[in-house]
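> missing the sequence, but the structure's below:
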């Protein structure tokens, strides 16, 4: 089994604009600097994964096929800017959902590590160095659960979540960053060409 450096990135609010429960690929807009951040991770030797809670499936707002289509659009937009994510994994579950099939307890909803474990099993790797970046406390808790370094970004819900952390209601990340690019630079040591 090979050993890799792995980056696990939240999707909505971290890579792309969070407009609520995203039910169409047409609603995807990358956040400024997101593609550049992922390129830096690629260049620094990280295998990059998306990890996204998508309880809209359990709540009956849209089906699995919509999440797959939205993920595909995110990957297409990133690829057009030279950035590569291996796969965007997602959890469709929520115990307070309305679709019985998905309204169940699970091990994949962040902060539980199921999506990370699924990636490790599918691609047969061990993690030598991991980072987790997102805009919610559950992303930071996921990182703590897998022994990764973490960053909370101020985009999406990040600014609101930071208030809870500052009040001692949740664990602090290793880094507070204004966006994904700053988080990647801080955690990976990579820097854009011509800067720093």
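That came in fine, so what should we check first? The shown structure was predicted, so the numbers you read here are calculated from the model rather than taken from an experiment.
> If you count neighbours, what's buried in stretch 93-108?
Within stretch 93-108, the residues scored as buried using 16 or more other C-beta atoms under 10 Å are 93, 94, 97, 99, 102, 103, 108. From N, CA and C alone the C-beta is placed, and that goes for glycine too.
> List the contacts of it.
Stretch 93-108 has contacts (C-beta atoms under 8 Å, 6 or more residues apart in numbering) with 55, 57-60, 89, 91-92, 109, 112-115, 117-118.
> Looking at those, which are in strands?
Judged by DSSP state E, strands contain the following of those: 89, 91.
> Filter the contacts of stretch 93-108 down to the buried ones and hand me the ChimeraX line.
To isolate the buried members of the contacts of stretch 93-108 in ChimeraX, using 16+ other C-beta under 10 Å:
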select :55,57,58,59,89,91,92,109,112,113,114,115,118
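> Secondary structure class of residue 126, three-state.
Secondary structure assignment for residue 126 (DSSP: H, G, I helix; E, B strand; the rest coil): strand.
> so who does the closest residue to it other than its chain neighbours touch?
For residue 126, ignoring the flanking residues on the chain, the nearest one in space by C-beta to C-beta, 6 or more residues apart in numbering is residue 3 at 4.8 Å. Residues near residue 3 by C-beta under 8 Å, 6+ apart: 125, 126, 127, 128.
> Please point out which parts of whatever helix or strand residue 3 lives in sit buried.
Per DSSP states H and E, residue 3 falls inside strand 2-9. Residues of strand 2-9 classed as buried: 4, 5, 6, 7, 8, 9 (neighbour count, 16+ other C-beta under 10 Å).
> After it, which helix or strand is next?
Strand 2-9 is succeeded, C-terminally, by helix 34-43 (DSSP H and E).
> distance between that following helix and the chain's centre?
14 Å (C-alpha atoms, centre = their mean, to the nearest Å).
> Many thanks, I have nothing further to ask.
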